[in-house]
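K.L.:
turn this into a model:
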Amino acid sequence: MTNQQTEFMALYEPLHKRLSNYCRSMARNRSDADDLLNDTILAAYEQFDKLENPDRFAGYLFTIASNLFKKQLRRKKFRGKYDEKVALLMEDLSIDAETRAELSIVMQKMELLPSLQREALILFHISDLPLEEIRNIQGGSLSAVKQRIKRGRERLMQLCTERQQTVITLFF
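P.N.:
I've put the predicted structure just below:
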């Protein structure tokens, strides 16, 4: 392995799981998530020599993933419509059925959020990125990122509560 490969892998390894979770959360199916992850790693490695500050590698990596995902979405708009059945095929079998059902509901409700709020929630809660890194990825101010997360949480709670109240009403 070359020195550049060794340095890249040393920076990438601690972020692999977080980046993988981000890709799965954004893409919503395994195939697209794997493609996004692989494309991100390839693009990051190809441009690695242009990275001036290795301390900013996480932001660099997640920015590439975010940009590639948005590019894929723009392309998919011309291919066809969103297929909820395909999106719901992605499930984590390591958790129990009740938790999977609840997670599925939350992920469905997240689709109803504005894209920047949804992405901010995923970057913060699923990918565990600090607010400053999210600001670097999404742009805008730190205050705007905090607002997206706050409003996204509030709206998500509202959407999940509405569903629960509807289910309770149907049974009584």
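K.L.:
let me see the domain layout of the protein.
P.N.:
Per the record, the chain has its domains at 1-90, 92-172, by automatic domain parsing.
K.L.:
off-centre distance for the host helix or strand of residue 146?
P.N.:
Per DSSP states H and E: residue 146 is located in helix 142-171. Chain-centre distance of helix 142-171: 18 Å, with Cα atoms, centre = their mean, to the nearest Å.
K.L.:
stretch 32-48 now?
P.N.:
14 Å.
K.L.:
cool, stretch 47-64 as well?
P.N.:
18 Å.
K.L.:
what residues does it touch?
P.N.:
4, 7-8, 11-12, 15, 18-19, 22, 40, 43-44, 123, 127, 129, 133, 136-137 (Cβ atoms under 8 Å, 6 or more residues apart in numbering). Just so you know, the C-beta spots here come from the backbone N, C-alpha and C atoms, and that holds for glycine as well.
K.L.:
mind listing what the closest residue to residue 110 other than its chain neighbours touches?
P.N.:
Leaving aside its chain neighbours, residue 110 sits nearest to residue 118 (5.2 Å; criterion: Cβ to Cβ, 6 or more residues apart in numbering). By Cβ under 8 Å, 6+ apart, residue 118 lies in contact with 110-111, 152.
K.L.:
cool, residue 110 as well?
P.N.:
118, 121-122, 156.
K.L.:
residue 9 now?
P.N.:
So residue 9 contacts residue 1 (Cβ under 8 Å, 6+ apart).
K.L.:
in space, what's closest to the residue nearest the centre of the chain - neighbours in sequence excluded?
P.N.:
Centrality entry for the chain: nearest residue to the mean C-alpha point is residue 22, 3.5 Å, by Cα atoms, centre = their mean. Spatially, and ignoring its direct neighbours in sequence, residue 22 is nearest to residue 127 (4.1 Å; Cβ to Cβ, 6+ apart).
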